[in-house]
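> structure for the following, please:
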Amino acid sequence: MDHSEQSPAFGRLPLLPEEREFGFFGAHTASFAYAIATWCFLTGSYVAQLANAIDGMICIIAGSIIGVFITTMPLSLASHRYGLEQMDCCAPAFGTKGIKIILLFFLINMLGWSGLILVMFGNGLSNIIEALGYQVGDWIVGAGVALGLWLSYLLVTRGMRWLNIATSIITPCMAIVIFYMFYLLFRDYGWAEISAAKPLDPGPDPLTDYLICVELGIAGGISWFGGIGFLARNTRRRRNAVYPELLQLGFMMGVVCTIALFSALVIQSDDPTEWMIPLAGIYWGLAALVFIALANITSTAVSLFASGLAMRHLPIFRSTSWRVLILIVILPCVPFIFWPHQLYDLGDAFLAFNGTLYGPISGILIADYFFLRKQKYNLWAIFDDTPGSSYHYTRGINWIAIASLIAGQITYIVLYNPGTGATHELFYYVNPSVAATLVPALAYMVGMKTLGAFERSLIEMDRSAADNRGLRIANPNI
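Below you'll find the predicted structure:
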């Protein structure tokens, strides 16, 4: 194994405070770089199909803040306090082996998003080449996905410090591009034209369209589950684990989505890479595409890094070289090289899918971490999957949590089916993601209390920083 790969950041064991990379500036820039990923532009473009500028802006910003709050509170606080990544934060609720079920969905989410934004990277590359006067075929998009995977691989295998450096450079440039695009929108079109623009493909019922847009915002915020623990784990102070995520992943995500919404409405295109050059002109448009392409690479790198850490939960990969492990993680993204447009068209359904999954998980974690365990974990038990350990439950799985998760997903699908677009009459009164968070939270608390599972998991709850070091000695290969 390469010497650099012996860094604790490449493994599962808790990070000690002195090993964490992000201070105030690093936490905000990393979160902002993550928040301005192309999937935010995608979300804004999806909302433009259903809502006008005013309604869409309200839906996106409010929804994203709500969604980020739901998923941030249990993960950020636990990941920062104990130096854990998000999968290990799930162990007290789901069991030391039950988290492998969550791991499967986690990888689908992270790699699905990575593939989608790399298709946007490929589209942007195609538009850059065409703007320079060269004609290219559709193959260039797949080639762009392959190039993006390679660049992300190089960045991920260099470690957190390189990722921190990259985001600290790209983030200020992207901030300039975003606010300049806002300026251009109002200079060239004005608020009157933007607010009067019609949705691209509205449904028959405006109220249904509006509520779906709210749901897209909340589901988009909840979908940050995959990176929140990763970011909070690397912060030195508690405030830097929470406020940057709420501000950047919540509010700023909504702002970036709003830019995409406005641009898509006035230029009548839901592909962000198609309206940047018409909006900003050839030179600034190219610059915007280049910086957004670079931001896509850093966002993909964060996703791959978090996915690699999650793969350490599988015993077969615990001693695998980090470079080899990331290659394995990249493999599910390969189909995006060959079928980029077909998979990209499934993006809105994939976004709603995140609400069906991470809403219930977040609800269970909120109930477990705040209301049952009072923000205390048994660190040693998280890494002990032998019978009799605190979080072993039944053969390593807490079936109460799994049943609550399924109940939450059923609740979501009954209210809103993202695959077919069908809605229940209760959809007009209860948001699907919020309901899918509350129902499993209540079911989990009732189940844990009435069936005695919570009392059986109450062994010594907390460990000191010195015991964190003891964990390192006792578990060197994790």
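> sticking with Val430, tell me its helix or strand.
Val430 belongs to no helix or strand when assigned by DSSP states H and E.
> quick check: closest non-adjacent residue to it.
Taking C-beta to C-beta, 6 or more residues apart in numbering, and ignoring the residues beside it in sequence, Val430 has Leu415 as its nearest neighbour in space, at 6.5 Å. The way it works is simple: take the backbone N, C-alpha and C, and place the C-beta from them, glycine included.
> can you check Cys213 too?
Excluding the flanking residues, the one nearest Cys213 by C-beta to C-beta, 6+ apart is Cys59, at 3.8 Å.
> hmm, Gly220 and that neighbour touching each other?
No: under the criterion of C-beta atoms under 8 Å, Cys59 is not in contact with Gly220, lying 10.4 Å apart.
> more crowded one of these two?
The residue with the greater number of neighbours, taking Cys59 and Gly220 and applying other C-beta atoms under 10 Å, is Gly220; the counts read 31 against 27.
> quick one: contacts for the more buried one?
Shown in contact with Gly220 (C-beta atoms under 8 Å, 6 or more residues apart in numbering): 39-40, 43, 60, 63-64, 67, 253, 257, 351, 354.
> give the contact list for the spatially most central residue of the chain.
Centroid check for the chain by C-alpha atoms, centre = their mean gives Trp224 as the closest residue, at 2.7 Å. Contacts of Trp224 were listed using C-beta under 8 Å, 6+ apart, and they are 34, 67-68, 71-72, 245, 249.
> run the last query once more with 6 Å
Remark: with contacts taken as C-beta atoms under 6 Å, 6 or more residues apart in numbering, Trp224 is in contact with 68, 249.
> what do you get for the one 4 residues further on?
If you count contacts by C-beta under 6 Å, 6+ apart, Ile228 has them with 72, 75-76, 245.
> how near is it to Ile60?
19 Å (C-beta to C-beta, to the nearest Å).
> tell me the secondary structure at Pro14.
Counting by DSSP: H, G, I helix; E, B strand; the rest coil, the backbone at Pro14 sits in coil.
> for it, give me the pLDDT.
According to the prediction, Pro14 has pLDDT 86.
> how close does the residue lying closest to it once chain neighbours are set aside sit to Gly229?
Excluding the flanking residues, the one nearest Pro14 by C-beta to C-beta, 6+ apart is Gly83, at 3.5 Å. Computed as C-beta to C-beta, the Gly83 to Gly229 distance reads 10 Å.
> which one's more surrounded, the two?
Shown here are Gly83 and Gly229; by other C-beta under 10 Å, Gly229 has more neighbours (30 against 23).
> retrieve the pLDDT associated with the more buried one.
For Gly229, the pLDDT comes out at 80.
> list the contacts for it?
Contacts for Gly229 were tallied using C-beta under 6 Å, 6+ apart; they are 75, 79, 85-86, 89.
> helix or strand for it, which one?
Assigned by DSSP H and E, Gly229 belongs to helix 225-233.
> avg pLDDT for whatever helix or strand comes next after that helix?
In the C-terminal direction, the helix or strand that comes right after helix 225-233 (DSSP H and E) is helix 238-244. Per-residue pLDDT values over helix 238-244 give a mean of 88.
> buried ones in helix 238-244, by neighbour count?
Neighbour-count burial for helix 238-244, counted by 16 or more other C-beta atoms under 10 Å, picks out 240-244.
> tabulate the residues you listed (CSV), appending distance to Thr157.
Formatted as CSV, the buried residues of helix 238-244 follow (distance: C-beta to C-beta, whole Å):
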residue, distance to Thr157
Asn240, 26
Ala241, 25
Val242, 29
Tyr243, 30
Pro244, 25
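> may I see the buried residues of the helix or strand harbouring the residue nearest to Cys213?
In this structure, Cys59 sits in helix 53-82 according to DSSP H and E. By neighbour count on 16+ other C-beta under 10 Å, the buried set for helix 53-82 is 53, 55-82.
> go on, stretch 15-25?
Residues of stretch 15-25 classed as buried under the neighbour-count rule (16+ other C-beta under 10 Å) are 15, 20-22.
> for those residues, could you give me JSON lines that also reports distance to Gly148?
Rendered in JSON lines, the data for these read as follows (distance: C-beta to C-beta, whole Å):
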{"residue": "Leu15", "distance to Gly148": "28"}
{"residue": "Arg20", "distance to Gly148": "28"}
{"residue": "Glu21", "distance to Gly148": "24"}
{"residue": "Phe22", "distance to Gly148": "24"}
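> longest helix in the chain, please.
Ranked by residue count, the top helix of the chain under DSSP state H comes out as helix 272-311.
> ranges for the helices of the stretch 301-450 of the chain?
322-330, 335-338, 340-344, 347-366, 379-382, 399-415, 432-450 (DSSP state H, counting those that start in this stretch).
> next one: the third one to chain centre, how far?
The one in question is helix 340-344. 20 Å (C-alpha atoms, centre = their mean, to the nearest Å).
> for stretch 300-314, same thing?
The gap between where stretch 300-314 is centred and where its chain is centred comes out at 12 Å by C-alpha atoms, centre = their mean.
> that older thread, closest one of the contacts of Ile228 to Phe94?
The shortest gap between Phe94 and any of these belongs to Leu75, at 13.5 Å (C-beta to C-beta).
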